[in-house]
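*Asks:* just to be clear, the model below is a prediction. Sequence and coordinates:
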Amino acid sequence: MDYPADQALLTRLRAGEQKAYRELVATYQGAMRAVAFAIVGSRNSDEVVQDAWLAVVRNLDGFQGRSSLKT
């Protein structure tokens, strides 16, 4: 992984550190909402973002680090 800050955060996330999850959400929540809003509109965007966060949490161990956490 060529993203040292991401690697450090990923290590903390995999260890279950709650502060790391809060940092991840604070960093990317706005962008996720903007993308969801553009795709599904305001009515469903919150549900789409919530589903995306669940997928992130469930699949952290499968993240290979070939890209940044942002993607």
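*Replies:* Received it, and whenever you're ready, just let me know what you need. Numbers count the residues shown, from 1 in each chain.

*Asks:* ok, residue 45 to residue 63 distance?
*Replies:* From residue 45 across to residue 63, the span is 24 Å (Cβ to Cβ, to the nearest Å). No exception for glycine: its C-beta is placed from N, CA and C like everyone else's.

*Asks:* ugh, wrong one, I meant residue 21
*Replies:* For residue 21, the distance to residue 63 equals 14 Å [Cβ to Cβ].

*Asks:* residue 49 is in contact with residue 29, correct?
*Replies:* Yes - Residue 29 lies in contact with residue 49 (Cβ atoms under 8 Å); the separation is 7.3 Å.

*Asks:* more neighbours: these two, which one.
*Replies:* Taking other Cβ atoms under 10 Å, residue 29 and residue 49 do not tie; residue 49 has more neighbours (20 against 12).

*Asks:* buried sites along the helix or strand containing that one?
*Replies:* Using DSSP states H and E, residue 49 sits within helix 42-58. By neighbour count with 16 or more other Cβ atoms under 10 Å, helix 42-58 contains the buried residues 45, 48, 49, 53, 56.

*Asks:* can you tell me which of these is closest to residue 8?
*Replies:* Checking those against residue 8 with Cβ to Cβ, the nearest one is residue 56 at 16.9 Å.

*Asks:* would you turn the buried residues of helix 42-58 into a markdown table with pLDDT?
*Replies:* Below are the buried residues of helix 42-58 laid out as a markdown table (pLDDT from 0 to 100):
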| residue | pLDDT |
| --- | --- |
| 45 | 95 |
| 48 | 96 |
| 49 | 96 |
| 53 | 93 |
| 56 | 91 |
